[in-house]
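Participant: Quick check, what structure comes out for this input:
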Amino acid sequence: MDRFLSKVEIKVNEKLYLKHPDSSELGKKIIAGAIELIDKIGFDAFTFRKLAAHIESTEASIYRYYESKHKLLLYLTSWYWGWMEYRLVFSTTNIHSAKERLERSINLITEQVTDENSYTHIDVVKLNRIVISESSKAYLIKEVDIENKEGAYTDYKQFVARISDIILEINPKYKYPHMLISTVIEGAHHQHYFAEHLPRLTDVIKGEDSISIFYTDMVLKTIMDSRKVKLSV
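Facilitator: Residues are numbered from 1 along each chain as shown. As a prediction, the model looks like this:
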């Protein structure tokens, strides 16, 4: 699947950048370097000055592509969710059972990305780690409403909406599909982070896909309990 997706162009809201990074080798170098550096030192310590030194360029050249490091983070997270949506569609196409499509979707949400060679200039393994540990900083800000109106979070919302629609296939009367799926996504990110850094806050078992098992069970039971019927779709 990832080999096929490496040939797919992920489109990102043009308001998130000043110059499209894929339009030049420098732009691609900025993206690759930013992912590597944020993964290494964290977003709070990350600056365009450090990035410029890391890629042997200048701050001025980076500012021609992004007006701030916040916009760069928005670009990276938007690209990630666009990529995840393509993976979701590819994984669930031609699957008749809504229950199986939902299970595949939850597995996609909760798994850790392992394919290091999906894109030439985007290390999706490192980007996945950035999304897990840093992506909330893209929307937990005072300007969130303004940026939302500009479409900064469209890719994330579309991803959540696709899986919410599957839930409604199973139970059209379920009232909280978006709440449920966004809770799974953010919760899974927390559990991966806790497993690596604060293990006493989680119950991840080595050698077991604990996070996927937990959230699949939680979602299916939640839908069953709300409808009181068997999931035979």
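Participant: secondary structure class for V113?
Facilitator: coil (DSSP: H, G, I helix; E, B strand; the rest coil).
Participant: got the contact list for it?
Facilitator: 124-125, 127-128 (CB atoms under 8 Å, 6 or more residues apart in numbering). (C-beta placed from N, C-alpha, C; glycine too.)
Participant: So, low pLDDT: which residues of the chain?
Facilitator: Where the chain drops to pLDDT under 70, the residues are 1-7, 116-119, 226-233.
Participant: again, only this time at 50
Facilitator: 4 (pLDDT under 50).
Participant: Would you map the helices across it?
Facilitator: Using DSSP state H, the helices found in the chain span residues 2-5, 25-41, 48-55, 59-63, 69-92, 98-110, 124-134, 144-149, 154-170, 177-197, 210-227.
Participant: Figure out which of the ones you listed is closest to D203.
Facilitator: helix 210-227 (6.5 Å; CB to CB).
Participant: what angle sits between that closest one and helix 154-170?
Facilitator: 50 degrees (axes from the mean of the first three to the mean of the last three CA atoms, to 10 degrees).
Participant: by contact count, what packs against helix 210-227?
Facilitator: helix 98-110, helix 154-170, helix 177-197 (3 or more CB pairs under 8 Å, 6 or more residues apart in numbering; DSSP states H and E).
Participant: Recalculate using a threshold of 7 Å.
Facilitator: Packing partners of helix 210-227 (3 or more CB pairs under 7 Å, 6 or more residues apart in numbering; DSSP states H and E): helix 98-110, helix 177-197.
Participant: Residues touching that helix, excluding its own?
Facilitator: 102-103, 106-107, 110-111, 167, 170-171, 173-174, 180, 184, 187-188, 191-192, 203-204, 231 (CB atoms under 7 Å, 6 or more residues apart in numbering).
Participant: What of stretch 128-148?
Facilitator: 35, 38-39, 43, 73-74, 76-77, 80, 112-113, 153, 189, 192-193.
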